[in-house]
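> One predicted model, sequence on top.
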Amino acid sequence: MSEMPAIEVKGLGKRFRREILKRDYITWKTLLLNPFSRKKAKDYITVLEEISFSVDHGKTLALIGQNGSGKSTLLKIMAGIYKPDNGQVNVRGRVSSLIELGAGFHPEFTGRENVFLNGTILGLSNSEIAKRFDHIAAYSGLGEYIDAPVRTYSSGMYVRLGFSVAVNVDPDVLLVDEVLAVGDEAFAHKCEDKINEFRRKGKTICLVTHDMGAVEKYADEVIWLDGGQIAARGNPRRVIDAYRQKVAQEEDAIRRQEALQAEADLTGLRWGDGDVVIEKIRLLDKDGAERAVVTSGEPLTIELEYCQKKPTKDLVFGIGLFNAQEVQCYGTNTHLERLDLEDLPTKGVVRFIMDRLDLVQGTYFLDVAAHNTDGKAYDYIRRSQAFSVRSIINDVGVFRPSHTWEVFPR
Ligand SMILES: Nc1ncnc2c1ncn2[C@@H]1O[C@H](COP(=O)(O)OP(=O)(O)OP(=O)(O)O)[C@@H](O)[C@H]1O
């Protein structure tokens, strides 16, 4: 194998016609008045800009980024499916791609015929394909369906055949787009095994995925694409952290906006005589920073700023947490917990401090209230805040008990 990198991308740019948007506005009249309107430069959207990087032989590169950031387009250019508008791409060796699996299949041909068609597209001679055919068919697990037209296949069968061809043609460079997320569990394991085998054999892999666990597991290097440009490149841990931070910030901003909207929408859901007013509600992380997206298992503080317009000795503060299905996950107040709040300052801060927020991933709403011990509301605010809980564990329910698992032989 040459000393040149397996993949070299220099100054790459790609733009697409903004087709759908434009068509919405085209009528016969506008077409007659301005027949060339569709060719204007503003009808194009730049999807990739000035992308340069290289991947050495035997290395695995992961491309990460939000939806529409250009990852798949970049992979398709590397695979030769799209042509770049600017720059150059060099991929050295036999390239096999797991992109839009089965997209190259002809629906009227049988699985067998499509294996030959696909193998030819991937650069194999007929005799080379014939030699590998039995292995490809067995690996696909399609059994006798290999001789049925692929239009009769389920989508899972399509994917299995496409995968089987792509990984059994002895590629030097494997380009993979989100296949780990497609298909059933057995198929996902097969994909993982194959990627591990390719890594062991020193193949070069470029992986597009939203699965950060897979990125950490496989990638030697990560490129984060943001709006068609390289936002960061390098060590997986560092780039993933920077990416997650940006996503969390954006989600935070959206949540805040939603909370403001919810506040405006729910003014009817605030009641009380106003003797005590809750003036500010904030969710604070372990560093005291305000958050609308919080991490499960980490500390969280709910902070209320109140003002006693009419000082009272009978004052209770309460909170309630609700999930998106309107199920109350938790509720308590200072009276239930026997706190004596008789001599409070006119203006003050109340904090409900959780050492660990053990909620499962999802969207939640916060109710807060100031009332007397008989329940008469001074200020009751329903759904005062919306916030998101993120978790690396996909457990479910409303209650996560503190726990560990143990497994041992009997
Ligand atoms: N054939 C096409 N014609 C027009 N626009 C396209 C075409 N393919 C992709 N785009 C646009 O290019 C942009 C980047 O798309 P791309 O599929 O590369 O993003 P991505 O990062 O892979 O997103 P995702 O994570 O959702 O798969 C998007 O705005 C998309 O709408």
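Arrived safely, thanks for sending.
> and this protein, which residues reach the ligand?
Contacts of the chain with the ligand, taken as C-beta under 6 Å from any ligand atom, map to Phe16, Val47, Gly65, Asn67, Gly68, Ser69, Gly70, Lys71, Ser72, Thr73. Yep, even glycine has a C-beta here, placed from its N, CA and C like the rest.
> list the buried ones in stretch 300-315?
Within stretch 300-315, the residues that count as buried by 16 or more other C-beta atoms under 10 Å are Leu300, Thr301, Ile302, Glu303, Leu304, Tyr306, Gln308, Leu315.
> Same question for stretch 80-97.
Quick answer for stretch 80-97 (16+ other C-beta under 10 Å): Ile81, Tyr82, Pro84, Gly87, Val89, Val91, Arg92, Val95, Ser96, Ser97.
> returning to that earlier point: taking the residues of the chain next to the ligand, tell me the two that lie furthest apart.
Comparing all pairs in the residues of the chain next to the ligand by C-beta to C-beta, the longest separation belongs to Phe16 and Gly65, at 16.7 Å.
> out of these two, which sits in the busier spot?
Gly65 (23 against 14; other C-beta atoms under 10 Å).
> how much space between the closest residue to the more buried one other than its chain neighbours and Gly68?
Leaving aside its chain neighbours, Gly65 sits nearest to Leu225 (3.8 Å; criterion: C-beta to C-beta, 6 or more residues apart in numbering). Distance, Leu225 to Gly68, by C-beta to C-beta, to the nearest Å: 10 Å.
> who's more crowded, those two?
Leu225 (25 against 13).
> wait, doesn't the more buried one sit right on Gly70?
Yes: counting by C-beta atoms under 8 Å, Gly70 is a contact partner of Leu225 at 5.2 Å.
> and which of the buried residues of stretch 80-97 is nearest Lys201?
Nearest to Lys201 among those, with distances taken as C-beta to C-beta, is Ser96, at 13.1 Å.
> Can you show me the CA trace of stretch 141-160 as CSV?
Taking Å, rounded to 0.1, in the frame of the first residue of the first chain, the C-alpha atoms of stretch 141-160 are listed here in CSV:
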residue,chain,number,x,y,z
GLY,A,141,-29.1,-14.9,5.5
LEU,A,142,-31.8,-14.6,2.8
GLY,A,143,-32.0,-18.3,2.1
GLU,A,144,-34.1,-19.1,-0.9
TYR,A,145,-35.2,-15.5,-1.2
ILE,A,146,-31.9,-14.8,-3.0
ASP,A,147,-33.7,-16.0,-6.1
ALA,A,148,-36.8,-13.8,-5.6
PRO,A,149,-37.1,-10.4,-7.3
VAL,A,150,-35.9,-7.8,-4.8
ARG,A,151,-39.2,-5.8,-5.2
THR,A,152,-40.7,-8.6,-3.0
TYR,A,153,-38.1,-8.0,-0.2
SER,A,154,-38.9,-6.3,3.1
SER,A,155,-36.7,-3.3,3.8
GLY,A,156,-34.7,-5.3,6.3
MET,A,157,-34.0,-7.9,3.6
TYR,A,158,-32.8,-5.1,1.2
VAL,A,159,-30.5,-3.8,3.8
ARG,A,160,-29.0,-7.3,4.6
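> what's the average pLDDT for it?
What stretch 141-160 shows for mean pLDDT is 88.
> Tell me the gap between it and the middle of its chain.
A distance of 30 Å separates the centroid of the chain from that of stretch 141-160, by C-alpha atoms, centre = their mean, to the nearest Å.
> Now it: buried residues?
Buried residues in stretch 141-160 (16+ other C-beta under 10 Å): Leu142, Tyr145, Ile146, Pro149, Val150, Tyr153, Met157, Tyr158, Val159, Arg160.
> Inside helices: which ones of those?
Met157, Tyr158, Val159, Arg160 (DSSP state H).
> Go through these and name the one nearest the ligand.
Nearest to the ligand out of those is Val159 (C-beta to the nearest ligand atom; 16.4 Å).
> The closest one touches Lys190, doesn't it?
No: Val159 is not in contact with Lys190 according to C-beta under 8 Å; the separation is 10.6 Å.
> Pull up the overlap in contacts between the two.
Counting by C-beta atoms under 8 Å, 6 or more residues apart in numbering, Val159 and Lys190 have no common neighbour.
> In the stretch 151-300 of the chain, what residue spans correspond to helices?
Secondary structure of the stretch 151-300 of the chain by DSSP state H, counting those that start in this stretch: the helices cover 155-167, 185-200, 212-218, 236-265.
> Surely Tyr218 and Ile195 touch.
Yes: taking contacts as C-beta under 8 Å, Tyr218 lies within contact range of Ile195: 6.0 Å.
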